[in-house]
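K.L.:
Here is my input; please provide its structure:
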Amino acid sequence: MIRKYFTEILPVSTKWWSGKAKEEDILALDELLNSRYAEGWEMVSSNYVMTYGQVQSQYVITYKRREY
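P.N.:
Numbering: from 1, shown residues only. Down below sits the predicted model:
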């Protein structure tokens, strides 16, 4: 059995100074996770990344899938 990993970035509209998630960002994340799950990927890690010099934050999401 071989494990493969896949990482992607999901930009979100939440600004670093507000600290509040918007409903559209939550729906986009749910849609992405459900789509990847349907493809056989399982999320193993997610991180919310924000920097003070940028107005758009992002999620970095890592998935794994078993290959037989």
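
K.L.:
quick one: the residue nearest to the spatial centre of the chain from Glu24, how far?
P.N.:
Nearest residue to the geometric centre of the chain (CA atoms, centre = their mean): Ile61, 3.9 Å. Ile61 sits 17 Å away from Glu24, taking CB to CB, to the nearest Å as the criterion. Where C-beta positions appear, they are placed from N, C-alpha and C, glycine not excepted.

K.L.:
quick one, helices of this protein?
P.N.:
Assigned helices in the chain, in chain order: 23-38 (criterion: DSSP state H).

K.L.:
ranges for the strands of it?
P.N.:
2-12, 42-49, 57-67 (DSSP state E).

K.L.:
Just the CA atoms of the shortest one, as CSV, please.
P.N.:
Read that as strand 42-49. This file holds the C-alpha atoms of strand 42-49, laid out as CSV (Å, rounded to 0.1, in the frame of the first residue of the first chain):
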residue,chain,number,x,y,z
GLU,A,42,-8.9,12.5,3.2
MET,A,43,-8.0,15.7,4.8
VAL,A,44,-5.0,15.3,7.2
SER,A,45,-4.1,18.9,7.9
SER,A,46,-5.4,22.5,7.4
ASN,A,47,-3.9,25.8,8.4
TYR,A,48,-5.3,29.3,8.2
VAL,A,49,-2.6,31.6,6.9
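
K.L.:
who does that strand pair up with?
P.N.:
Using DSSP bridges, strand 42-49 pairs in its sheet with strand 57-67 (antiparallel).

K.L.:
burial count for Met50?
P.N.:
15 (other CB atoms under 10 Å).

K.L.:
Where does pLDDT dip in the protein?
P.N.:
Scanning the chain for pLDDT under 70 picks out the ranges 14-19, 51-55.

K.L.:
coming back round to it: turn the strands of the chain into CSV, columns for distance to Arg36.
P.N.:
Formatted as CSV, the strands of the chain follow (distance: least, CB to CB, whole Å):
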stretch, distance to Arg36
strand 2-12, 8
strand 42-49, 7
strand 57-67, 6
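
K.L.:
out of these, which comes closest to Leu32?
P.N.:
When these are compared by CB to CB, strand 2-12 sits nearest Leu32, at 5.8 Å.
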